[in-house]
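S.K.: All I have is the shape, not the residue letters:
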């Protein structure tokens, strides 16, 4: 506004106005050891809880598919819902008088929240974030790695049965053209080995990766999570402003799951070049949902 004043178009004042004022330099402070341990512990608790939930429901689903459950029992009914969930990405729904999609069998499932419905087989965004925190702490990967990290493959083993070695293709574009890709071999030889976390990550994301591959055969990424309320599926108790809206004149069309709309590869694209041992403060942009 001052530069537009003709009285200030020349002289020392004009020179001062034309001088560029540098902005503040970015400042980033690392976590201390105690703070880092708190972040990692919180991530371990959240991911462990999600892994046990998915493992339990996966076992029930496999029992249902194998015909091991008594037909008509509570477990059999839940198993049938889980089969529908694994194939479609959501539990069976119904249309309410207001025209919203609502969860069927809410009492049987124990509620209509995420953990009682689609969370039985899929990670949420915050749980996927917790997994990324653990991987970064274990392997020192930058957060930009997870956005395009393919699911690992098993490396050939010379008669070894007690352990499994995974091959991971890591993309690090900061290394420059021609050095973007590297292969890391990580072995799972027991509970305390680095590869055990890879095994658990594969187990926790198995249903999400399988469904994403069916929806889009070209997708083979490791970090896959389920959106909380995909487009077209609203909670049973919408906000007050939505409850005041008139009901639609006709029922909405059945939803079609979409990888781009309903699944994400990694929730937050935040990159840092600082090793995991320092745990930069910008990591809060990712772990704020974990703590």
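M.R.: Thanks, I have it. Computed from a predicted structure; not experimentally measured.
S.K.: How far does stretch 10-22 stretch from one end to the other?
M.R.: Chord length of stretch 10-22, first to last residue, is 22 Å (Cα to Cα, to the nearest Å).
S.K.: Return the mean pLDDT over it, rounded to an integer.
M.R.: For stretch 10-22, mean pLDDT rounds to 73.
S.K.: Over to stretch 193-212?
M.R.: The model assigns stretch 193-212 a mean pLDDT of 93.
S.K.: which SS state does residue 186 fall under?
M.R.: Three-state assignment for residue 186 (DSSP: H, G, I helix; E, B strand; the rest coil): strand.
S.K.: Contact partners for it?
M.R.: Residue 186 makes contact with 139, 152, 165-166, 168, 194-195, 198 under the criterion Cβ atoms under 8 Å, 6 or more residues apart in numbering. Quick note: C-beta positions are derived from backbone N, CA and C, even for glycine.
S.K.: how about a cut-off of 7 Å?
M.R.: The contact partners of residue 186, taken as Cβ atoms under 7 Å, 6 or more residues apart in numbering, are 166, 168, 194-195, 198.
S.K.: Identify the farthest-apart pair in these.
M.R.: Across the contacts of residue 186, the longest distance by Cβ to Cβ is 11.0 Å; it joins 168 and 194.
S.K.: can you count the residues close to residue 103?
M.R.: By other Cβ atoms under 10 Å, the residues close to residue 103 number 22.
S.K.: so how far is residue 84 from it?
M.R.: 12 Å (Cβ to Cβ, to the nearest Å).
S.K.: Now do the longest helix anywhere in the chain, average pLDDT.
M.R.: As assigned by DSSP state H, the longest helix anywhere in the chain is helix 33-65. For helix 33-65, mean pLDDT is 93.
S.K.: contacting residues around the next helix or strand after that helix?
M.R.: Once helix 33-65 ends, the next helix or strand along the chain (criterion: DSSP states H and E) is helix 74-88. Helix 74-88 has contacts (Cβ under 7 Å, 6+ apart) with 57, 60-61, 63-65, 69-70, 91-92, 105, 108-109, 118, 120-121, 207, 257.
S.K.: pretty sure residue 127 is touching residue 46, no?
M.R.: Yes: counting by Cβ atoms under 7 Å, residue 46 is a contact partner of residue 127 at 5.9 Å.
S.K.: Give me the more crowded residue out of these two.
M.R.: Using other Cβ under 10 Å, the more surrounded residue of residue 127 and residue 46 is residue 127, with 28 against 22.
S.K.: And that one, which helix or strand is it part of?
M.R.: Per DSSP H and E, residue 127 falls inside helix 125-139.
S.K.: what angle separates that helix from helix 33-65?
M.R.: 120 degrees (axes from the mean of the first three to the mean of the last three Cα atoms, to 10 degrees).
S.K.: Report the mean confidence score over helix 125-139.
M.R.: Taken as a whole, helix 125-139 carries a mean pLDDT of 90.
S.K.: ok so, going back, and residue 168 and residue 194? Which one has more around it.
M.R.: Neighbours per residue (other Cβ under 10 Å) separate residue 168 from residue 194, with residue 168 holding more: 20 against 15.
S.K.: Ramachandran angles for the more buried one?
M.R.: phi -120, psi 130 (degrees, to the nearest 10).
S.K.: For residue 18, state which of the contacts of residue 186 is nearest.
M.R.: Nearest to residue 18 among the contacts of residue 186: residue 168, at 52.7 Å, using Cβ to Cβ.
S.K.: quick one: contacts for that closest one?
M.R.: When contacts are counted by Cβ under 7 Å, 6+ apart, residue 168 touches 152, 184, 186.
S.K.: follow-up on the earlier one: what packs against the longest helix of the chain?
M.R.: With contacts taken as 3 or more Cβ pairs under 7 Å, 6 or more residues apart in numbering; DSSP states H and E, helix 33-65 sits against helix 74-88, helix 125-139, helix 195-204.
S.K.: My read is that residue 154 contacts residue 164, right?
M.R.: Yes: Residue 154 is within contact range of residue 164, at 6.0 Å (criterion: Cβ under 7 Å).
S.K.: These two: which is more packed in?
M.R.: Per other Cβ under 10 Å, whichever of residue 154 and residue 164 has more neighbours is residue 164, with 17 against 9.
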